[in-house]
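J.: For reference, the sequence and a predicted model appear below.
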Amino acid sequence: MRHRLVKNLNKAKRASQVFVITYSYLTFARRREAPNVSLKRAWARHILRHLNVNLKIKGTLPPSEGPWVLVGNHLSYLDIPVLVMAVPELSFLGKSEIARWPLIGKGAKAMDTIFVNRKSGSSREQARKDVTRKLRRKRSKLCIFPSGTTSLNESPRWNKGAFEIAKTCPCHIIPFRLTYQPLESIAYIDRDIFLTHLFHLVGLDSIDVTIEFGTPSLVDDPMIVTRNTKEWSEATHGNSL
């Protein structure tokens, strides 16, 4: 009983340190008036090290400065620091409820996240305008999860909006796929509660993650590119590393 209590207290402390780490970087960001690329990467590195994450990156990104749209499978909130570690200039399109998460929401805002309520037509339209405006800046790099939510198995469909915007701008689509081990412990799905999930996550001895980048492409037919990218990105969804 005592051993279990001590173990749970240690896990609670490690979970709370995720917020302490994030708060400290937010404080630095406010002092500098904007979070720069090196600060974002330092935050991602600190979080991944704290959670004992071993990151492997496959594939190479194009040498061009952008704009790019990165699209891929979405498994967990851990996807965010993993992607930032690989592409520190990255910002995100995220669900509006994330903005209300304790401290994490402030962190998302500091990273210039565009928030969208997918159940609201006006919110979707405004997000589309904001994404288009951002991608018309020369060096913009934006990540969009076309599934709209996390999924352990293949998501039923991908929204083609990101691909339509990429065609209009125009800008390159860069696919990625994430694989985790242990996958089921990492996946944040269904009715998972953030604090409860994080409590269990910090109890893992180590986490292995691979992010693989595919071939960049311009979009000719959004529907076809959406389908092909989804098939490639979710091909290893159920596999271990």
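T.: Okay, I see it.

J.: any idea how far the strand ranked longest in the chain is from the chain center?
T.: Using DSSP state E to define each element, the chain has its longest strand at strand 172-181. Offset of strand 172-181 from its chain centre (CA atoms, centre = their mean, to the nearest Å): 10 Å.

J.: Could you list the residues in contact with whichever helix or strand comes after it?
T.: Downstream of strand 172-181, the first helix or strand assigned by DSSP states H and E is helix 183-186. Outside helix 183-186, the residues that touch it by CB atoms under 8 Å, 6 or more residues apart in numbering are 75-76, 78, 152, 180, 200-201, 204, 207, 209, 238, 240. C-beta coordinates here come from the backbone N, C-alpha and C atoms, glycine included.

J.: Now tabulate those in CSV and tack on pLDDT.
T.: Shown next, in CSV, are the contacts of helix 183-186 (pLDDT from 0 to 100):
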residue, pLDDT
75, 93
76, 93
78, 95
152, 78
180, 96
200, 93
201, 93
204, 94
207, 96
209, 97
238, 48
240, 40
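
J.: all helices of the chain, in order?
T.: Assigned by DSSP state H, the helices in the chain fall at 2-32, 37-50, 79-86, 104-110, 121-135, 161-168, 183-186, 194-201, 222-233.

J.: nearest to residue 94, of these?
T.: Distance to residue 94, taken as CB to CB, is lowest for helix 104-110 among the helices of the chain, at 6.0 Å.

J.: Report the rounded mean pLDDT for that closest one.
T.: On average, the pLDDT along helix 104-110 is 86.

J.: Repeat that for stretch 29-45.
T.: Mean pLDDT, computed over stretch 29-45, is 83.

J.: what does that stretch contact?
T.: 21-22, 25, 28, 81-82, 84-85, 88-89, 107, 110-111.

J.: Among those residues, which one sits closest to residue 221?
T.: Top of the list for closeness to residue 221, among those and by CB to CB, is residue 89 at 28.3 Å.

J.: Pretty sure that closest one sits against residue 141.
T.: Yes - applying CB atoms under 8 Å as the test, residue 89 and residue 141 come out as touching, 4.8 Å apart.

J.: Tell me who's in contact with the spatially closest residue to residue 14 that is not a sequence neighbour.
T.: Nearest non-adjacent residue to residue 14, counting by CB to CB, 6 or more residues apart in numbering: residue 202, 4.0 Å away. Neighbour list for residue 202: 11, 14-15, 18, 51 [criterion: CB under 8 Å, 6+ apart].

J.: Nice, that's everything, thank you.
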